[in-house]
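**Student:** Have a look at this fold, sequence not included:
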């Protein structure tokens, strides 16, 4: 690896990105508009649907036969396996109530500062399902915590999708364009090696995407004042590793493709499911199991999971909520880099 | 003069497309000369040159640079330190100026030519600070030539460098090539412009269907194959003479190759053809190609 050549290639690509004003402007404008738009749209009255987590004894599943409470109308119930997570979600108003049937008598967790929590509690009690149904002597336990506004939830998601598009298309589409225009062929006729070219592209995109995200993050926080409980350094680490994994994913797509149309199609094939299934705009709690499994395939899911743990819960690196997704992102980065480098071709021959 | 580069039995096949782009090509290029590979589109010129450049690996055959066999793959990078390459069509790093592109490419080589000297040789002064996206065709080719010369190579490969340029830009480019040659560098040029080859090349090889069908200096080849001059006449006048005179229809004009101009003109006069629209010219490389292959250049 020749550092002079690596530096020259990184610098040239970075200048190209910074001077392409329309693309650069879009990189800033898109997330800002999205964050502002979602903050405005969801600043109105709460949605009518109640969401309740239910913890059932190991080896059993939630059924209306064993837990008649689950038959209550107008309430979405879902299985939750970890009591700590369920209670944190109640504390943050991400769900309205949690019922624990693993203990006898059963317990339920509700946040007294949550209007929806109080409403669903009254609804379930009134219908006899909570107090007199399957949990006649359920013990009421209060969880304290300020509610998370939708914008607090949405900001990591919106920044995440901007990162995803920037990383995937910024590498995938650009390298294919270079190949199609003959620029890669020209570079191949110089002493520049494939490894130097690839590392330069990854470095340039990583640094620039990171800087753009940082500017958008602090810029949007000036008027949205969203929640940031954890360490900025840890959030930076999560952002960098998550970005790299998606840049490397873009490299895999661009390794051999020679058509910009095909590259665009493949990148959309990756980015759209990620946008829908990674919990960008809405929590996947209560979503069908298959959807939740599918979401685990995408780096964006793990990036958002770790970023939200840092931003909303103040989780540290030692916390499984950060460490686990971070390790998954590192693994994705290694695998994608290996596949991309292995498959890379200068020309279409 | 010593041989600087030699192709021995080069073959390049594309099995999937069932195409043999190069079908056994051998030639040697003298150091300091300008060698031209001529032929129509699809003749195999560019493929041959890409093999010589070390960019494309031949299916069979070998390339010797200064008597040493060059190796393909990653080890070809060392060989490419020593040669200059201008591809037929290639893009530059966008949003960078001409000077920034020169400096970028210079940073990729261990040894480079003086930037100011290069700018002067390729006449880049007037658009040095211009974004490469805003260059004209001729300016772009001059920048690409400068990049090909940036590592001060002993041999420069120019693959159809003037295709698409207007006549003025083409002639300006020829001047640059003459200047490079005057510096003692070897030039290997591919073109389908016969006039270009005649103007610049010391030796040419005419290719068709992946093979060399004639090789030598332009003057020698012409002398070997032509003892005739060409009479041109509008086709409307020439067509009725078909039974007596073997005019070849070339569109608006028809041509007659004749060893005895006086006798042919007398025949035309006798046939009542007005001679005011008649033109006589010496044969060109275009005519040579037509004679050798029986077909027009598919330019």
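**Tutor:** Yep, it's here. For clarity, every value in this text was computed on a predicted model and none was experimentally measured.
**Student:** how near is the residue most central in space within chain A to residue A:284?
**Tutor:** By C-alpha atoms, centre = their mean, chain A has its centre lying nearest to residue A:304, at 2.5 Å. Going from residue A:304 to residue A:284 by C-beta to C-beta, to the nearest Å gives 10 Å. (C-beta placed from N, C-alpha, C; glycine too.)
**Student:** what's the answer for residue A:190, then?
**Tutor:** For residue A:190, the distance to residue A:284 equals 48 Å [C-beta to C-beta].
**Student:** So for those two, which sits in the more crowded spot?
**Tutor:** Counted by other C-beta atoms under 10 Å in any protein chain shown, residue A:190 and residue A:284 do not tie: residue A:190 has more neighbours, with 22 against 15.
**Student:** in which helix or strand would I find the closest residue to residue A:171 other than its chain neighbours?
**Tutor:** Distance criterion C-beta to C-beta, 6 or more residues apart in numbering or on different chains; nearest residue to residue A:171, sequence neighbours excluded, is residue A:250 at 3.5 Å. Under the criterion of DSSP states H and E, residue A:250 resides in helix A:232-254.
**Student:** Next secondary structure after that helix?
**Tutor:** Later in the chain than helix A:232-254, the nearest helix or strand by DSSP H and E is helix A:260-277.
**Student:** Any part of that next one near chain B?
**Tutor:** No: Helix A:260-277 is not in contact with chain B by C-beta under 8 Å from any C-beta of the partner chain; minimum separation 13.0 Å.
**Student:** Give me the mean pLDDT for that helix.
**Tutor:** For helix A:260-277, the mean per-residue pLDDT is 84.
**Student:** Stretch A:63-80 too?
**Tutor:** For stretch A:63-80, mean pLDDT is 77.
**Student:** which parts of that stretch are buried?
**Tutor:** For stretch A:63-80, burial by neighbour count (16 or more other C-beta atoms under 10 Å in any protein chain shown) applies to A:67-70, A:72, A:75, A:77-78, A:80.
**Student:** now the helices: where do they sit in chain A?
**Tutor:** Remark: helices assigned in chain A by DSSP state H are A:3-19, A:21-41, A:83-91, A:115-126, A:150-181, A:183-188, A:194-224, A:232-254, A:260-277, A:289-295, A:299-313, A:320-343.
**Student:** What parts of the stretch 101-250 of chain A come near chain B?
**Tutor:** Proximity of the stretch 101-250 of chain A to chain B, by C-beta under 8 Å from any C-beta, involves residues A:178, A:181-183, A:185-193.
**Student:** Mind putting those into a markdown table with pLDDT and distance to residue B:21?
**Tutor:** Putting those into a markdown table (pLDDT from 0 to 100; distance: C-beta to C-beta, whole Å) gives the following:
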| residue | pLDDT | distance to residue B:21 |
| --- | --- | --- |
| A:178 | 88 | 24 |
| A:181 | 85 | 22 |
| A:182 | 85 | 18 |
| A:183 | 89 | 23 |
| A:185 | 87 | 16 |
| A:186 | 87 | 21 |
| A:187 | 89 | 23 |
| A:188 | 87 | 19 |
| A:189 | 85 | 19 |
| A:190 | 87 | 24 |
| A:191 | 87 | 27 |
| A:192 | 88 | 26 |
| A:193 | 87 | 27 |
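**Student:** quick one on the thing from earlier: the helix holding residue A:250: how far from the chain's middle?
**Tutor:** Put simply, helix A:232-254 sits 12 Å off its chain's centre (C-alpha atoms, centre = their mean, to the nearest Å).
**Student:** Would you mind giving the orientation angle of it with respect to helix A:150-181?
**Tutor:** For helix A:232-254 against helix A:150-181, the angle by axes from the mean of the first three to the mean of the last three C-alpha atoms, to 10 degrees is 40 degrees.
**Student:** what's helix A:232-254 packed up against?
**Tutor:** For helix A:232-254, the packing partners by 3 or more C-beta pairs under 8 Å, 6 or more residues apart in numbering or on different chains; DSSP states H and E come out as helix A:150-181, helix A:194-224, helix A:260-277, helix A:299-313, helix A:320-343.
**Student:** which strands and helices sit next to the third one?
**Tutor:** Helix A:260-277 is packed against helix A:150-181, helix A:232-254, helix A:289-295, helix A:299-313, with contacts defined by 3+ C-beta pairs under 8 Å, 6+ apart.
**Student:** Least reliable of these by average pLDDT, please.
**Tutor:** Among those, helix A:289-295 carries the lowest mean pLDDT, a mean of 80.
**Student:** Show me what counts as buried in that helix.
**Tutor:** A:292, A:294-295.
**Student:** how far out from the middle of the chain is it?
**Tutor:** Here the centre of helix A:289-295 is set off from its chain's centre by 14 Å, with C-alpha atoms, centre = their mean.
**Student:** now stretch B:206-224
**Tutor:** Distance of stretch B:206-224 from its chain centroid, counting by C-alpha atoms, centre = their mean, is 13 Å.
**Student:** rewinding a little: a markdown table for the helices and strands packed on helix A:260-277, including distance to residue A:197?
**Tutor:** Below are the helices and strands packed on helix A:260-277 laid out as a markdown table (distance: least, C-beta to C-beta, whole Å):
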| stretch | distance to residue A:197 |
| --- | --- |
| helix A:150-181 | 9 |
| helix A:232-254 | 11 |
| helix A:289-295 | 33 |
| helix A:299-313 | 23 |
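**Student:** correct me, but residue A:31 touches residue A:162?
**Tutor:** Yes: the pair residue A:31 / residue A:162 is scored as a contact, 4.0 Å apart, by C-beta atoms under 8 Å.
**Student:** residue ranges of the helices in chain B, please?
**Tutor:** Ranges of helices in chain B, per DSSP H, are B:45-52, B:76-80, B:98-106, B:115-121, B:137-148, B:167-182, B:194-200, B:218-225, B:235-238, B:261-270, B:285-293.
**Student:** Counting by contacts, list what the shortest one packs against.
**Tutor:** Pointing back at helix B:235-238 there. The helices and strands touching helix B:235-238, judged by 3+ C-beta pairs under 8 Å, 6+ apart, are strand B:248-250, strand B:253-258.
**Student:** Residue B:232: neighbour count?
**Tutor:** Look at residue B:232: counted by other C-beta under 10 Å, it has 18 neighbours.
**Student:** mind showing which ranges of the stretch 51-200 of chain B have poor pLDDT?
**Tutor:** Where the stretch 51-200 of chain B drops to pLDDT under 70, the residues are B:74-75.
**Student:** interface residues of it facing chain A?
**Tutor:** Within the stretch 51-200 of chain B, the positions adjacent to chain A are B:53, B:55-56, B:74, B:77-78, B:80-81, B:85, B:87, B:89-96, B:100, B:104-105, B:107-110, B:147 by C-beta under 8 Å from any C-beta.
**Student:** among those residues, which ones are buried?
**Tutor:** Among these, the ones that count as buried by 16+ other C-beta under 10 Å are B:53, B:55-56, B:80, B:85, B:87, B:90-96, B:100, B:104-105, B:107-109, B:147.
**Student:** gap between the residue nearest to residue B:92 when sequence neighbours are not counted and chain A?
**Tutor:** Spatial nearest neighbour of residue B:92, excluding adjacent residues (C-beta to C-beta, 6+ apart): residue B:132 at 4.3 Å. Distance, residue B:132 to chain A, using C-beta to the nearest C-beta, to the nearest Å: 11 Å.
**Student:** Contact partners for residue B:132?
**Tutor:** B:92-94, B:96-98, B:101, B:140, B:143 (C-beta atoms under 8 Å, 6 or more residues apart in numbering or on different chains).
**Student:** possible to save these as a markdown table with distance to residue B:153?
**Tutor:** Listed next are the contacts of residue B:132 as a markdown table, based on distance: C-beta to C-beta, whole Å:
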| residue | distance to residue B:153 |
| --- | --- |
| B:92 | 19 |
| B:93 | 21 |
| B:94 | 25 |
| B:96 | 23 |
| B:97 | 24 |
| B:98 | 20 |
| B:101 | 18 |
| B:140 | 20 |
| B:143 | 16 |
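**Student:** residue contacts, residue A:98?
**Tutor:** A:52-55, A:80, A:86-87, A:89-90, A:108-109.
**Student:** For the nearest residue to residue A:181 once chain neighbours are set aside, grab phi and psi.
**Tutor:** Closest residue to residue A:181 apart from its sequence neighbours, by C-beta to C-beta, 6+ apart: residue B:91 at 3.6 Å. Residue B:91 has phi and psi values of phi -100, psi 160 when expressed as degrees, to the nearest 10.
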